[in-house]
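Novice: need a structure here:
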Amino acid sequence: MHTLTAKTALVTGASRGIGRAIAERLAADGALVAVHYGRDEAAAKEVVATIGAAGGRAFAVHAELGVPGDVDTLLGGLRAGWAEFGVEGLDILVHNAGIGSTGPIEAETEAGYDRVFAVNTRAPFFLTREALPVLRDGGRIVTVTSGATRIAFPEAIAYAMTKGALDAFTLALAKHLGPRGITVNNVAPGIVDTDVNAGWLRGNPAAQAQAAGRAALGRVGQPADIADAVAFLASDDARWVTGTTIDATGGSDL
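Specialist: Residues are numbered from 1 along each chain as shown. Predicted coordinates for the structure are as follows:
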């Protein structure tokens with residue numbers, strides 16, 4: 001299905017994991033996708049190549065988030081990519097990039113706290129602000145948050161707080177942008193089998209069983225599970241959905 005033909009999309013943190021799955025799904029649906037990455041250029045180019053081999057269109061955009069000038073760098077690369085394809089303007093903005101935090105409150109440092117907020121919360125805020133002039137009326141903003149805003153997560157309290165702030169951001173922005181027909185929503189994953197969780201999850205049957213046991217649906221989430229929810233919110237099927245969160249935890253901790 002090519003429900004996003006002639007649409008443009010930007011997916012942050014799209015070189016691996018959930019972001020990669022989102023980029024590939026949106027491209028499969030017909031969008032021209034900007035694959036943002038912070039550090040791994042080779043991985044981002046592999047995503048672009050994979051999309052191209054499947055008949056889609058994509059280009060890589062580099063910008064380290066959470067540092068001065070990050071949004072200007074990202075938008076500059078975005079415009080350069082658009083120029084190569086002869087297009088201009090944004091239809092779908094997906095905030096996926098994020099980092100974890102140190103641990104419980106006793107272990108968190110001021111520097112770590114500031115860093116996780118800079119990447120997870122500040123960057124999406126100001127990227128959205130600067131992208132609004134090129135985001136077309138009727139566009140979509142989708143933010144990947146976390147089940148940690150619903151389920152107590154003391155193991156990474158600062159991380160959970162960054163995602164909670166994004167919930168408030170989405171609610172206010174949906175009201176603010178409603179007159180332009182722009183919808184703003186979240187998708188909140190639970191435990192997903194990605195490289196981020198590989199160290200404790202993969203190759204560990206006990207950890208796999210414990211993680212799967214938290215979900216009502218009885219398994220660990222996959223990147224495609226999240227990408228499909230994002231694709232729904234990016235499509236016209238979700239035209240009457242805004243200011244809300246799709247819980248994509250598989251019914252974890254119900």
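
Novice: neighbours of D247, how many?
Specialist: A count of nearby residues for D247, using other C-beta atoms under 10 Å, gives 20. (Each C-beta comes from the backbone N, C-alpha and C, glycine too.)

Novice: is it in a helix, a strand, or coil?
Specialist: On the three-state scheme (DSSP: H, G, I helix; E, B strand; the rest coil), D247 is labelled strand.

Novice: do the one 3 residues further on as well
Specialist: Remark: G250 carries the secondary structure label coil [criterion: three-state DSSP].

Novice: surely it meets Q222?
Specialist: No: if you go by C-beta atoms under 8 Å, G250 and Q222 don't touch, sitting 9.9 Å apart.

Novice: could you give the number of residues near F117?
Specialist: F117 - counted by other C-beta under 10 Å - has 18 other residues nearby.

Novice: same deal with T170?
Specialist: T170, neighbours per other C-beta under 10 Å, totals 23.

Novice: please report how far it lies from H62.
Specialist: Distance, T170 to H62, by C-beta to C-beta, to the nearest Å: 26 Å.

Novice: same check, this time on V184
Specialist: V184 sits 26 Å away from H62, going by C-beta to C-beta.

Novice: neighbour-wise, which of these two wins?
Specialist: Set V184 next to H62 and count neighbours by other C-beta under 10 Å: V184 wins out with 26 against 16.

Novice: wait, L135 touches L78, no?
Specialist: No: assessed by C-beta under 8 Å, L135 is found out of contact with L78, at 11.5 Å.

Novice: overlap in contacts, the two.
Specialist: Common neighbours of L135 and L78, using C-beta atoms under 8 Å, 6 or more residues apart in numbering, are L90.

Novice: all helices of this protein, in order?
Specialist: Counting by DSSP state H, residue ranges of the helices within the chain are 17-28, 41-53, 70-85, 110-117, 123-131, 157-177, 198-201, 205-214, 223-234.
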